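Q: One predicted model, sequence on top.
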Amino acid sequence: MTLTYTPVETITQTVQELRATFRSGLTKPLNYRREQLKGLFNLLDENEELFREATFKDLHKPPAETLLGEILTVKQECHEAIKNLDKWAAKQPVKTGLVNKMDGVHIRKDPLGLVLIIGAWNYPTNLLLAPAVGAIAAGNTVILKPSEVSPNTAALITQLLPKYLDARSYRIVNGAVTETTVLLEHKFDHIFYTGSGTVGKIVMGAAAKQLTPVTLELGGKSPAFIAKEVDVAVAARRIAFGKYFNCGQTCIAPDYVIIERGNEEELITQLKAAILEFYSASAQTSDSYGRIVNKNHFHRLKTLLDNTQGKVVIGGDTQEDDLYIAPTVVLGVKAEDSLMQSELFGPILPILVVDNLEEGIDYVNDNDQPLALYVFSKNSKVTDHILDNTRSGGVLVNDTLTHFLVSSLPFGGTGPSGIGNYHGQRSFDVFSHERSTLVKSFGMEKVNALRYPPYTEKKIGWASWVLFDKAKYSANAANPGANNDSKL
């Protein structure tokens with residue numbers, strides 16, 4: 001399937017038409033939104049085999065991984081939005097003081113307007129359409145920009161979307177740098193981007209010129225701590241699953257392992273067993289193992305592997321014409337190693353051996369906050385200590401990746417790993433404006449008169465009593481060490 005780029009001269013018209021649609025009010029009724037969400041669900045449900053084929057062509061992604069990591073997750077998001085839309089969109093009452101007891105005080109959930117969603121190549125269906133669920137549910141018009149790096153999936157979505165969703169409200173713009181640059185020159189009411197931090201800075205810079213809010217789903221080097229008191233065999237299987245799913249091209253894949261000295265050999269033994277169990281003696285012939293997306297990323301990963309000062313203890317085989325890199329484990333890496341400088345985004349697992357977990361915690365804190373942090377431990381005190389002394393977008397204890405599937409958990413990064421989060425109701429909230437609303441009655445004018453001029457001490461006293469809580473705290477309550485006799 002051939003991906004045709006959108007002519008740049010048509011982009012402005014597309015933006016104008018979708019903005020006009022929003023102003024017409026077409027997307028605001030809840031029934032309209034529900035029908036569009038049902039259409040998106042059916043798009044995936046009725047074309048599952050086509051998506052499997054397209055994603056296989058793009059990434060050699062095993063059909064089971066397309067189903068689990070892409071199709072079913074987005075369908076679940078659609079289903080939950082359809083089921084809960086009335087509740088999510090309802091006016092939210094808030095507590096109020098005495099003076100407003102008889103008034104209408106609530107928060108409206110208003111759509112933002114026209115939003116732009118820029119997808120990523122590694123999960124080309126999920127990372128484009130899952131945010132779209134929230135945008136549609138919230139009542140926005142949407143421009144979807146699929147990743148051109150996965151052209152077959154992008155072409156398929158482009159072909160199918162107008163058959164299932166209202167083209168007056170939802171459009172696709174295809175292209176690469178040129179087309180995306182033109183898109184970003186336009187004013188949007190929100191931009192949702194998934195991808196690298198480098199491009200994320202470009203998106204955020206363009207958005208800043210328009211004062212457009214952004215959600216950035218980025219990445220980082222997500223560590224996996226392995227404590228002493230742990231079932232190493234289980235930990236190894238779960239780490240191998242998370243690392244080599246989609247051939248390591250997952251933003252929350254465990255990027256490297258932190259393990260205390262003396263336990264690394266057992267981990268290597270169990271990782272070998274897990275890789276053999278998952279992919280047999282040759283992962284290259286396994287129908288459960290993917291490939292690197294293109295030659296650029298293949299060469300990037302091979303260069304990192306060639307330059308490592310660590311010891312390749314599992315895998316290491318590469319074949320350029322097949323874009324194949326074997327499930328690989330590298331022992332004895334140091335902080336300055338080539339494999340430890342940036343997110344790997346491939347099937348290479350470095351093992352960082354430390355004398356104690358404090359050393360591992362220091363290493364994590366010396367670097368950017370990761371998108372995910374994994375801890376394998378049977379000791380809740382050890383787990384809590386690691387979590388209390390590190391920062392990350394999300395946390396998963398004793399497993400990898402699966403927190404992404406819990407739609408009630410907000411998914412997103414912090415600092416360089418991202419801005420904002422989504423999934424479930426959070427996706428709806430991302431694309432909604434919480435509009436504070438107070439509807440006053442024409443009654444109680446004598447009470448309201450307390451705030452009108454001319455001001456008197458009596459009026460101020462009564463107004464203070466009616467409008468504000470009474471509180472008193474001891475001197476220097478917030479700073480017990482301060483000198484009580486000090487004067488400004």
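A: Thanks, I have it. Numbers count the residues shown, from 1 in each chain.
Q: What lies in contact with the helix or strand bottoming out on mean pLDDT in the chain?
A: Taking mean pLDDT, DSSP states H and E as the measure, the chain has helix 445-448 as its least confident helix or strand, at a mean of 81. The contact list for helix 445-448 (C-beta atoms under 8 Å, 6 or more residues apart in numbering) reads 99, 466. All C-beta atoms are positioned from the backbone trio N, CA, C, and that covers glycine.
Q: Which helix or strand lies directly C-terminal to it?
A: Reading on from helix 445-448 to the C-terminus, the next helix or strand found by DSSP states H and E is helix 457-467.
Q: pLDDT on that next one, on average?
A: The average pLDDT within helix 457-467 is 87.
Q: And whichever helix in the chain runs longest, what's buried?
A: Counting residues, the longest helix found in the chain (DSSP state H) is helix 72-89. For helix 72-89, the neighbour count (16 or more other C-beta atoms under 10 Å) marks 72-78, 80-82, 85, 88-89 as buried.
Q: Out of the residues you listed, which is nearest to residue 57?
A: Using C-beta to C-beta, residue 74 is the member of the buried residues of helix 72-89 that lies nearest residue 57, at 19.3 Å.
Q: Residue 133 is in contact with that closest one, correct?
A: Yes. With contact defined as C-beta atoms under 8 Å, residue 74 counts as touching residue 133 (6.9 Å).
Q: and for those two, which residues touch both?
A: With contacts taken as C-beta under 8 Å, 6+ apart, the residues that reach both residue 74 and residue 133 are residue 40.
Q: Only alpha carbons, please: show the least confident helix or strand of the chain as PDB.
A: What follows is helix 445-448, C-alpha atoms only, in PDB (Å, rounded to 0.1, in the frame of the first residue of the first chain):
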ATOM      1  CA  GLU A 445     -29.400  41.300  47.600                       C
ATOM      2  CA  LYS A 446     -29.200  42.500  51.200                       C
ATOM      3  CA  VAL A 447     -26.400  40.000  51.800                       C
ATOM      4  CA  ASN A 448     -24.700  41.100  48.600                       C
END
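Q: Quick check: next helix or strand after the longest helix of the chain?
A: Scanning forward in sequence from helix 72-89 by DSSP H and E, the next helix or strand is strand 92-93.
Q: Centre of the chain to that next one, how far?
A: When C-alpha coordinates are averaged (C-alpha atoms, centre = their mean, to the nearest Å), strand 92-93 and its chain have centres 27 Å apart.
Q: partners of it, with directions?
A: Strand 92-93 has its sheet partners listed here by DSSP bridges as strand 104-111 (antiparallel).
Q: What lies in contact with the strand it pairs with?
A: With contact meaning C-beta under 8 Å, 6+ apart, strand 104-111 is reached by 22, 27-28, 88-94, 96, 138-140, 428-429, 431-439.
Q: Buried ones among these?
A: 22, 27, 88, 89, 138, 139, 140, 428, 429, 431, 432, 433.
Q: re earlier: looking at the contacts of strand 104-111, which are in helices?
A: Secondary structure assignment (DSSP H) places 22, 88, 89, 428, 429 from those within helices.
Q: Same list, these, but as JSON lines with pLDDT and distance to residue 59 please.
A: Output for the ones in helices among the contacts of strand 104-111, formatted as JSON lines (pLDDT from 0 to 100; distance: C-beta to C-beta, whole Å):
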{"residue": "22", "pLDDT": "98", "distance to residue 59": "34"}
{"residue": "88", "pLDDT": "98", "distance to residue 59": "33"}
{"residue": "89", "pLDDT": "98", "distance to residue 59": "36"}
{"residue": "428", "pLDDT": "98", "distance to residue 59": "30"}
{"residue": "429", "pLDDT": "98", "distance to residue 59": "31"}
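Q: Closest one to residue 353 out of those residues, please.
A: Of all the ones in helices among the contacts of strand 104-111, residue 353 sits closest to residue 429, with 42.3 Å by C-beta to C-beta.
Q: Could you check how far the closest one is from residue 89?
A: Distance, residue 429 to residue 89, by C-beta to C-beta, to the nearest Å: 11 Å.
Q: shared neighbours, these two?
A: Residues touching both residue 429 and residue 89 (C-beta under 8 Å, 6+ apart) are 109, 138.
Q: model confidence over the helix or strand in which residue 36 is found, on average?
A: Assessed by DSSP H and E, residue 36 sits inside helix 30-45. pLDDT averaged over helix 30-45 equals 98, rounded to a whole number.
Q: check contacts around the residue nearest to residue 82 when sequence neighbours are not counted.
A: Of all residues not flanking residue 82 in the chain, residue 37 sits nearest, at 5.0 Å (C-beta to C-beta, 6 or more residues apart in numbering). The neighbourhood of residue 37, defined by C-beta under 8 Å, 6+ apart, consists of 78, 81, 82, 85, 133, 136, 137.
Q: Please apply the same query to residue 81.
A: Per C-beta under 8 Å, 6+ apart, neighbours of residue 81: 37, 88, 133, 134, 136, 137, 427, 428.
Q: out of those residues, who's nearest residue 61?
A: Closest approach to residue 61 among the contacts of residue 81 (C-beta to C-beta): residue 133, at 21.4 Å.
Q: How about that closest one, nearest residue that isn't a chain neighbour?
A: Computed as C-beta to C-beta, 6+ apart, the closest residue to residue 133 that is not its neighbour in sequence is residue 77, at 4.4 Å.
Q: What distance do you get for that neighbour to residue 59?
A: Residue 77 is 21 Å from residue 59, by C-beta to C-beta.
Q: Then residue 136?
A: Using C-beta to C-beta, we find residue 136 at a distance of 26 Å from residue 59.
Q: same deal with residue 138?
A: Using C-beta to C-beta, residue 138 is found at 30 Å from residue 59.
Q: Please verify my assumption that residue 114 contacts residue 143.
A: Yes. Counting by C-beta under 8 Å, residue 114 touches residue 143, with 7.2 Å between them.
Q: Now the common contact residues for these two.
A: Joint contacts of residue 114 and residue 143 (C-beta under 8 Å, 6+ apart) are 15, 18, 188.
Q: So which elements touch the helix or strand harbouring the first one?
A: For residue 15, the host element (DSSP H and E) is helix 11-24. Contact here means 3 or more C-beta pairs under 8 Å, 6 or more residues apart in numbering; DSSP states H and E; on that basis helix 11-24 packs against strand 114-118, strand 141-145, strand 170-172, helix 177-184.
Q: ok, now with 6 Å
A: Helix 11-24 is packed against strand 114-118, strand 141-145, with contacts defined by 3 or more C-beta pairs under 6 Å, 6 or more residues apart in numbering; DSSP states H and E.
Q: about what we covered before: kindly indicate which of the contacts of residue 81 lies nearest residue 284.
A: The closest of the contacts of residue 81, once distances to residue 284 are taken by C-beta to C-beta, is residue 133, at 36.2 Å.
Q: Now residue 373. Nearest residue, chain neighbours left out?
A: Per C-beta to C-beta, 6+ apart, closest to residue 373 is residue 392, 3.7 Å.
Q: Spell out which residues sit in contact with that neighbour, please.
A: By C-beta atoms under 6 Å, 6 or more residues apart in numbering, residue 392 lies in contact with 369, 370, 373.
Q: now do 7 Å
A: Residues in contact with residue 392 (C-beta atoms under 7 Å, 6 or more residues apart in numbering) are 369, 370, 372, 373, 414.
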